[in-house]
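Colleague: I'll drop the sequence and a predicted model, then ask my questions.
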Amino acid sequence: MVAFTQSSLDKIEDLFKDQGYRVRYEKGTFKTGACVLQNSHVVVVNKFSNLEMKIQSLIAILNDIDIDESRVNEKHTAIYTQIAKLKSKR
């Protein structure tokens, strides 16, 4: 289980950076809390969402994209392992 803290959000953002994605916080109409821009490595998160929604949205996207485990920084392996466990429960 991933804790819904600012520290967890920062680590998840770093996981995206490890994979070559950029995370941006923007306002707009979202059906979910975040989306990946088509054919790019940009993830847009609804900046008005609460912390829990931001984390859940980013985890959902991480579970949908292909993660190159060799690019995961060793500082982020703990949170990556937690997220991978959530994916396997699906």
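Modeller: Everything's here; your move.
Colleague: okay, CA-based contacts and neighbour counts for the rest of this
Modeller: Noted.
Colleague: Work out which residue lies at the spatial centre of the chain.
Modeller: By Cα atoms, centre = their mean, the mean C-alpha position of the chain lies nearest to residue 58, the distance being 3.0 Å.
Colleague: what helix or strand is it on?
Modeller: Per DSSP states H and E, residue 58 falls inside helix 51-64.
Colleague: elements contacting that helix?
Modeller: The contact analysis (3 or more Cα pairs under 8 Å, 6 or more residues apart in numbering; DSSP states H and E) places helix 51-64 against helix 6-18, strand 34-36, strand 42-46, helix 77-88.
Colleague: is it possible to export these to a markdown table including distance to residue 62, mean pLDDT and mean neighbour count?
Modeller: Shown next, in a markdown table, are those (distance: least, Cα to Cα, whole Å; pLDDT from 0 to 100; neighbours: other Cα atoms under 10 Å):
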| stretch | distance to residue 62 | mean pLDDT | mean neighbour count |
| --- | --- | --- | --- |
| helix 6-18 | 8 | 97 | 17 |
| strand 34-36 | 10 | 88 | 20 |
| strand 42-46 | 10 | 95 | 20 |
| helix 77-88 | 8 | 87 | 14 |
